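>>> kindly return the folded structure for what I paste below:
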Amino acid sequence: MMNRKDNLMAIYHHQSHDHIASFMDYGMVGGDAEEFENGPAGGAGGLDWFGMEWARTASGGGGGTPAPGKIVLPDITEWKKYVHFPDVSKYDWKGQADAQLATIDRNNQVVDYGCWNGPFLRLVDLMSMVEGLMALCEEPEACEELLTAITDYRIGTLEYIKKYFDPDVVTIYDDFAHEKGLFISPATYNELIAPQHKRWADAVRSYGMIPDMHVCGKPEAVVPGFIDEGFEAWQIVQPENDIVRLQQEVGDKIAFIGCFDLQAKWIQPGTTPTEEELRAKVREAVDKYGPGGNVGIMGMIMNPAVDMFSSMMIMNDELMKYGTGYYCH
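Prediction:
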């Protein structure tokens with residue numbers, strides 16, 4: 001049978017493969033460690049290199065969120081006055097690469113470099129969600145200028161990512177959707193955001209790396225467009241979307257990575273799921289989405305009733321047992 005890396009790479013290329021992909025098949029780098037984007041890594045919050053303040057909160061699962069009331073960009077039409085892009089040449093790329101890659105098995109894991117704060121997120125981060133959404137409606141031309149500048153800046157990081165990390169996959173994180181749909185209309189997405197995503201994906205490909213799109217929530221209205229934008233995969237796919245229908249429509253052209261109820265709404269208040277319940281939910285996801293192919297199940301729960309790390313280990317253990325050789329039967 002295929003080794004885990006070869007299997008996941010086949011999924012990204014939409015080729016025949018043996019296994020359901022697992023979170024353990026990835027070596028994740030970048031992401032929160034990019035202090036120029038997210039502030040001090042692993043700390044209690046702080047300033048990123050845009051001068052934007054991040055807070056680390058329990059409600060956010062310990063991840064960084066824009067500090068309330070701390071606005072960098074008060075007026076989209078004056079973005080050139082307020083937005084100062086980081087000089088990423090000053091980031092310790094080599095030191096970070098040496099540290100982050102030290103525990104990754106390149107022979108058996110796909111190295112995935114995460115670029116948090118895609119063009120949509122960076123715009124609303126700088127302005128606040130409410131003001132950013134209003135700007136997209138009221139000042140589309142100014143927004144397009146800033147979105148283009150953000151994407152240009154982000155593309156400028158790729159030479160460093162390639163040189164020092166040389167990942168197989170580069171994932172842009174741009175959460176423009178929520179649990180019930182998009183934060184913006186499909187028309188606004190297609191007019192203002194999609195062209196930037198395409199420019200980004202094209203640039204990633206030009207460096208010989210695979211572009212992956214991360215968007216949580218329910219973006220299903222625009223998912224088919226990810227293919228035209230040049231993305232080979234979509235993560236983290238959540239069951240708020242009609243995953244089976246999307247697999248039937250475009251599953252041979254884009255991989256579906258996630259396919260698990262991260263919020264675990266099936267957990268009753270005041271209860272903690274048993275190990276067997278966690279394992280059963282993994283098998284249920286495999287049985288539902290595995291037949292569509294090009295799929296990875298990310299066994300992870302972000303619910304206060306469950307310890308994230310221990311539950312992840314249990315669920316990914318079950319996935320390795322139940323999903324290995326799934327397509328060899």
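>>> I figured Gly156 hits Pro86, correct?
No: counting by C-beta atoms under 8 Å, no contact exists between Gly156 and Pro86, whose distance comes to 9.7 Å. In short, each C-beta sits where N, CA and C put it, glycine included.
>>> please say which of the two ends up with more neighbours.
Pro86 (18 against 15; other C-beta atoms under 10 Å).
>>> quick one: the helices in the stretch 201-329 of the chain?
Using DSSP state H, counting those that start in this stretch, the helices of the stretch 201-329 of the chain run over residues 223-229, 243-250, 275-289, 308-323.
>>> could I get the buried residue list for the second one?
Neighbour-count burial for helix 243-250, counted by 16 or more other C-beta atoms under 10 Å, picks out 243, 246-247, 250.
>>> same question for the shortest one.
If you call a residue buried by 16+ other C-beta under 10 Å, then helix 223-229 has these buried ones: 223, 225-226, 229.
>>> give me every residue that touches Lys94.
Tyr164 (C-beta atoms under 8 Å, 6 or more residues apart in numbering).
>>> quick one: which helix or strand includes it?
Element membership of Lys94 [criterion: DSSP states H and E] is helix 93-101.
>>> quick check: what element follows that helix along the chain?
strand 110-115.
>>> can you name every helix or strand that that next one contacts?
The contact analysis (3 or more C-beta pairs under 8 Å, 6 or more residues apart in numbering; DSSP states H and E) places strand 110-115 against helix 4-12, strand 26-30, strand 169-173.
>>> what does it rub up against?
In this structure, residues lying in contact with strand 110-115 by C-beta under 8 Å, 6+ apart are 5, 8-9, 12, 25-31, 34, 37, 101, 104, 154, 157, 161, 165-173, 209, 212, 214.
>>> just the buried residues of the residues you listed.
Using 16+ other C-beta under 10 Å, the buried ones in the contacts of strand 110-115 are 5, 8-9, 12, 25-31, 34, 37, 101, 104, 154, 157, 161, 165, 167-173, 209, 212, 214.
>>> figure out how far stretch 292-301 is from the centre of its chain.
14 Å (C-alpha atoms, centre = their mean, to the nearest Å).
>>> average pLDDT for that stretch?
Mean pLDDT, stretch 292-301: 92.
>>> where in the stretch 201-329 of the chain is pLDDT low?
Of all residues in the stretch 201-329 of the chain, none has pLDDT under 70.
>>> tally of neighbours for the nearest residue to Tyr207 once chain neighbours are set aside?
In space, and not counting its chain neighbours, Tyr207 is closest to Lys162: 4.5 Å by C-beta to C-beta, 6 or more residues apart in numbering. Taking other C-beta under 10 Å as the criterion, the count of residues near Lys162 is 17.
>>> run through the bridge partners of the spatially most central residue of the chain.
The centroid of the chain falls nearest to His214 when counting by C-alpha atoms, centre = their mean (2.9 Å). Note on His214: beta-bridge partners by DSSP bridges are Tyr173, Gln235.
>>> show me what contacts it?
114, 171-175, 234-236.
>>> test my guess that Ile258 contacts Asn241.
Careful, residue 258 is Gly; it's not Ile. No: with contacts counted by C-beta under 8 Å, Gly258 stays clear of Asn241, the gap being 9.5 Å.
>>> which of these two has more residues huddled nearby?
Ranked by neighbour count (other C-beta under 10 Å), Gly258 and Asn241 place Gly258 first, with 25 against 20.
>>> list the contacts for the more buried one?
234-238, 296-298.
>>> where does the stretch 1-150 of the chain dip in pLDDT?
Using pLDDT under 70, the stretch 1-150 of the chain drops low at 42-44, 57-63.
>>> that one: strands as residue ranges?
21-22, 26-30, 45-47, 53-56, 64-66, 110-115 (DSSP state E, counting those that start in this stretch).
>>> for the fourth one, packing partners?
Put plainly, it is strand 53-56. strand 45-47, strand 64-66.
>>> of those, which stretch is the most buried?
Burial of these is given as mean neighbour count (mean count of other C-beta atoms under 10 Å); strand 64-66 ranks first at a mean of 20.
>>> noted, bye for now.
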